[in-house]
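A.B. asks: I'll drop the sequence and a predicted model, then ask my questions.
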Amino acid sequence: MLERLADSLWQPWMLGLFLLVGLRCSAGSGFFQCLGLKTWLKATAGTLFRRKKRRTSGGLTQFQALATALASTIGTGSIAGVATAIFFGGPGAVFWMWISALLGLMTSFAEKTLAVRYRRKAPSGGWEGGPMEYMERGLGWRRAAKWFSLWCVLSSLTGGAMVQSNSIAAALHAALGWEPLAVGAATAAATGAVILGGIGRVGKVSEKLVPAMAVLFLGTGMAVIWTHRANVLPALRQIAACALTPGAAMGGASGYTVSAALRYGVARGVFTNEAGVGSSAMAHAAADADSPAGEGMWGMFEVFFATLVVCSVTALTILTSGVYDPGAALAAIQSGTVTGGMTGAPLSAAAFATVFGSWGSLIVAVCLLLFAFTSLLGWSYYGERGLLHLTGESRLRRPFQIIFLGTVVLGSVGKLTAVWAMSDICDGLRALPNLMAVAVLFPEARRELEGELKRHK
């Protein structure tokens with residue numbers, strides 16, 4: 001029932017809306033993500049090794065804000081989500097994931113720019129903001145802001161807590177045989193030790209863990225791809241063919257459909273990079289940014305790194321290593337016999353095992369543990385921000401954190417497909433008002449971009 005509800009929401013309504021808003025922002029900016037590639041990469045990645053300036057507002061540094069945002073985006077979607085998209089949507093899902101990310105670069109830019117433009121001072125110091133602020137203060141959409149906040153809270157409990165803990169438990173159970181419930185309890189305890197310290201502690205932990213986990217995963221993933229480098233070009237041809245031609249994954253036989261590739265590719269891309277959903281805009285709003293458009297460029301880098309780099313590595317390890325069999329996958333889907341070991345993190349682990357042997361599962365388990373743990377940290381903050389805007393009661397922060405940790409434990413023993421379906425439903429309902437607000441307010445983001453480009457010149 002949950003899967004049917006998620007499908008009816010995403011196909012074709014949310015899929016089309018994400019792509020249309022991304023196209024609107026891209027065309028409105030003159031496709032800045034492509035023509036201005038050198039500018040925004042220099043303004044973001046080009047500054048990572050410069051000396052950091054002292055914070056002046058008590059907020060997060062820009063790198064801490066980026067790390068917190070990446071912590072919530074480079075999570076299970078980067079490992080388990082990509083594998084799930086390929087299993088249920090075919091290799092063509094990767095193509096649509098790339099398209100959604102390419103258009104999502106400018107959607108993300110608009111979100112982060114507007115979040116900084118309409119943010120406000122936090123009572124405890126620093127900054128706070130997000131889509132609920134630019135909906136209410138920029139457009140006067142109070143009900144839309146409340147709607148977004150409601151589904152933001154629910155998303156933090158499903159996609160933020162349950163999906164992450166479920167993938168951690170599944171990976172450690174497959175690699176080491178640990179009981180999922182015990183893994184869930186330990187994960188909740190470790191998460192609680194960080195989130196109880198607030199966004200400042202989340203930012204400090206994220207800026208340490210995110211670079212380490214990225215280096216570990218990308219290094220080992222590239223080793224797998226290099227070992228199977230003879231299959232890279234055939235895999236890329238398969239991705240392109242299956243995106244537009246039904247059945248191409250099985251040599252022309254009845255197989256995956258274009259709609260399945262589109263649905264899972266865009267949905268998993270959105271889950272991974274958050275472009276259009278609005279969550280990570282709350283982390284960027286807390287940054288000690290010099291200008292709204294400058295922070296918007298960091299939002300572009302976030303999508304670029306999370307999807308076009310990390311998720312592409314996952315996809316190519318699976319498709320080049322030969323562990324994915326389209327025929328077997330379709331047979332299991334059609335007969336309703338899909339098991340947890342056939343998709344998600346176990347499928348990614350099988351790809352790594354072709355090079356690293358028994359260590360492959362452990363490598364994926366460690367990467368997934370780090371990815372999902374940092375995602376839990378970011379999502380706890382997003383849920384708190386949504387609850388605060390929804391109720392106006394800061395005293396509910398502690399009870400929410402306890403509930404959040406409880407869903408971490410619950411998610412570790414949940415059914416994978418049901419957990420993902422709940423996450424898709426919450427993401428879609430949360431993204432609806434945000435995408436509409438971004439489309440309406442994009443001229444303001446464009447003016448900020450024009451001013452930022454003049455300053456760069």
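C.D. replies: Perfect, thanks for sending it. Numbering: from 1, shown residues only.

A.B. asks: I'd like the average pLDDT over the lengthiest helix in the chain.
C.D. replies: Across the chain, the longest stretch assigned as helix under DSSP state H is helix 416-456. Computed over helix 416-456, the mean pLDDT rounds to 88.

A.B. asks: in this structure, which spans are strands?
C.D. replies: Taking DSSP state E, the strands of the chain run over residues 120-121, 127-128.

A.B. asks: most tightly surrounded among the ones you listed?
C.D. replies: strand 127-128 (a mean of 21; mean count of other CB atoms under 10 Å). Any C-beta I mention is one placed from the backbone N, CA and C, and that applies to glycine too.

A.B. asks: how about residues contacting that one?
C.D. replies: With contacts defined as CB atoms under 8 Å, 6 or more residues apart in numbering, strand 127-128 is touched by Ser57, Gly59, Arg119, Arg120, Lys121, Ala122, Met282, Ala285, Ala286, Ala287, Asp288, Arg385.

A.B. asks: and the closest residue to the last one other than its chain neighbours, how far from Ser291?
C.D. replies: Of all residues beyond its chain neighbours, the one nearest Arg385 is Met282 (5.0 Å), with distances taken as CB to CB, 6 or more residues apart in numbering. Taking CB to CB, to the nearest Å as the measure, Met282 and Ser291 are separated by 18 Å.

A.B. asks: neighbour-wise, which of the two wins?
C.D. replies: Met282 (31 against 16; other CB atoms under 10 Å).

A.B. asks: in contact with the more buried one, which residues are there?
C.D. replies: Contacts here follow CB under 8 Å, 6+ apart; on that basis Met282 touches Ala115, Glu128, Gly129, Gly130, Pro131, Tyr381, Tyr382, Arg385.

A.B. asks: what's the separation between the residue positioned nearest the centre of the chain and His173?
C.D. replies: Central residue of the chain (CA atoms, centre = their mean): Thr272, 2.3 Å from the mean position. Counting by CB to CB, the gap from Thr272 to His173 is 23 Å.

A.B. asks: Gly28 now?
C.D. replies: Counting by CB to CB - Gly28 and His173 are separated by 47 Å.

A.B. asks: more neighbours, the two?
C.D. replies: His173 (20 against 17).

A.B. asks: show me the residues around the residue nearest to the more buried one when sequence neighbours are not counted that make contact.
C.D. replies: Among residues not flanking His173 along the chain, Pro180 sits closest, at 5.5 Å (CB to CB, 6+ apart). For Pro180, the contact set (CB under 8 Å, 6+ apart) comprises Ala169, Ala170, His173, Ser412, Val413.

A.B. asks: surely the second one meets Thr343?
C.D. replies: No: using CB atoms under 8 Å, Ala170 is not in contact with Thr343; the gap is 10.0 Å.

A.B. asks: for the contacts of Met282, which single residue is the most surrounded?
C.D. replies: Busiest of these [other CB under 10 Å] is Pro131, holding 33 neighbours.

A.B. asks: tell me the contacts of the nearest residue to it once chain neighbours are set aside?
C.D. replies: Excluding its sequence neighbours, the residue lying closest to Pro131 (CB to CB, 6+ apart) is Gly278, at 3.8 Å. If you count contacts by CB under 8 Å, 6+ apart, Gly278 has them with Glu111, Gly130, Pro131, Phe148, Cys152, Arg430, Ala431, Asn434.

A.B. asks: what about Gly125, how many neighbours?
C.D. replies: Gly125: 10 neighbours (other CB under 10 Å).

A.B. asks: gap between the residue nearest to His173 and Thr191?
C.D. replies: Using CB to CB, Pro180 is found at 16 Å from Thr191.

A.B. asks: likewise for Ala230?
C.D. replies: Shown here: Ala230 relative to Thr191, a distance of 42 Å by CB to CB.

A.B. asks: do Asn166 as well
C.D. replies: Distance of Asn166 to Thr191, computed by CB to CB: 14 Å.

A.B. asks: settle it for me: which of these two has more neighbours?
C.D. replies: Per other CB under 10 Å, whichever of Asn166 and Thr191 has more neighbours is Asn166, with 31 against 25.

A.B. asks: my guess is that one contacts Leu410. True?
C.D. replies: No: applying CB under 8 Å, one finds Asn166 not in contact with Leu410, separated by 9.3 Å.

A.B. asks: joint contacts of those two?
C.D. replies: Counting by CB under 8 Å, 6+ apart, nothing touches both Asn166 and Leu410.

A.B. asks: coming back round to it: any idea which of the contacts of Gly278 is closest to Val310?
C.D. replies: Nearest to Val310 out of these is Glu111 (CB to CB; 19.8 Å).
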